[in-house]
Structures are given as C-alpha cells and as structure tokens.
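Peer 1: Structure of the sequence below:
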Amino acid sequence: MAVEAKMEHCRQFHQEPGLLITVIRHRAGAPSLRLGLGPGLRPVDAIGQLQKLLNCNSFWATARSRVQLRTMLKGSSVVVSAWSGQQLVGFGRANSDGVFRAVLWDVVVAEQSQGHGLGRQLVEALLAAPALAQVERTYLMTTNCEGFYRKLGFNAVQHQRLMRREGSGE
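Peer 2: I've put the predicted structure just below:
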C-alpha cells in the first residue's frame, strides 16, 4: 500500500525506561489513519483506536463516529499520532492557511502515558509541520490545560472573546 509510504516525519523517543514511543506526523488528511493503518503501515484498526482514545481521555470529543473521525482527519492540515508498539497512545491535529493562522485541535494523550513529555512531543510536532511553522499566529482552546500550553509558549488572550455557532452536528 503506497498511500502513505512517505510519512512526513517519524520520531522515536523513550517515554520511560524500556518503553519506546513513536510519534508520526502524517501527510495532510492522514490517509493511512483513515485506512486503519498504524506504524509501518500495518493494519491496527487506527480509527477504532482513535475513537477509544478520544472517548476515554477527553470530554469534548466523546461519541464521535468512525465516519465522523475519517471526515475530520481528511479535513485536517496536519495530523500527529503517537504509538507504543501498535497501540495508539496520543493524537493531535491542526488546520492552517500556511501563512497567517493555524488552530490546534484534539491534542490528547492516554492517561497511562501522561506526565512523560508525550503531549509536548505532539504539540512540537504539530508546530514544526510546514503548514504551521511559518504562520503568524497559532490558536488553541483549552478548558483545563492552560498551564501545560503556557510552558509551550502559548498565552491567554484577554482582548479577544471566543464565540461559537452551534451546527446541526449530524
């Protein structure tokens, strides 16, 4: 399968003694993840693993269907995933115009893998991607991880207000 044989970036690091984590920055739209492939382009039910990771480790991204997740990935400029062997333990994505603005979305690390620098690795991989590396401003929304993002150079914006419009959610 030549769908994503040229993954843009793959980096390995030791999260804890003896535990090797592989962080992959996928091509835009993450075609290999949409096809259910993991490291080495091996079939691992990546969409099912992503669904479980989000359901078990976030409050904002629960109950997303497989179809919705595939559509979400397809529309993402940058996607990163973190693997312990064939197990998905971290994920993040971003959208960007490549010049002025970018937004980070859905950065999540499995509870058992938190506290070892994996979240930092995911955010740094997103920010280093060509689609984000030169943008004027990168935004994100967080409810309870402000301190984590401050350590990575993000600051609260007091003079702007988050606004939203509810969609149909279908």
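Peer 1: and Val135, how many neighbours?
Peer 2: Look at Val135: counted by other C-beta atoms under 10 Å, it has 18 neighbours. The C-beta positions use only the backbone N, C-alpha and C, and glycine is treated the same way.
Peer 1: Give me the distance between it and Asp97.
Peer 2: Distance, Val135 to Asp97, by C-beta to C-beta, to the nearest Å: 7 Å.
Peer 1: Find the centremost residue of the protein, please.
Peer 2: With distances taken as C-alpha atoms, centre = their mean, Gly92 lies nearest the centre of the chain, 0.9 Å away.
Peer 1: how about whichever strand or helix holds it: buried residues?
Peer 2: Using DSSP states H and E, Gly92 maps to strand 87-96. Neighbour counts over strand 87-96 (16 or more other C-beta atoms under 10 Å) mark 88-94, 96 as buried.
Peer 1: could the residues you listed go into a markdown table alongside pLDDT?
Peer 2: Below are these laid out as a markdown table (pLDDT from 0 to 100):
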| residue | pLDDT |
| --- | --- |
| Leu88 | 98 |
| Val89 | 98 |
| Gly90 | 98 |
| Phe91 | 98 |
| Gly92 | 98 |
| Arg93 | 98 |
| Ala94 | 98 |
| Ser96 | 98 |
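Peer 1: so which of these comes closest to Leu54?
Peer 2: Checking those against Leu54 by C-beta to C-beta gives Phe91 as the nearest, at 7.5 Å.
Peer 1: My read is that the residue nearest to the centre of the chain contacts Leu126, right?
Peer 2: Yes: Gly92 lies in contact with Leu126 (C-beta atoms under 8 Å); the separation is 5.4 Å.
Peer 1: what is in contact with the two at once?
Peer 2: Shared contacts of Gly92 and Leu126 (C-beta atoms under 8 Å, 6 or more residues apart in numbering): 80, 104, 107.
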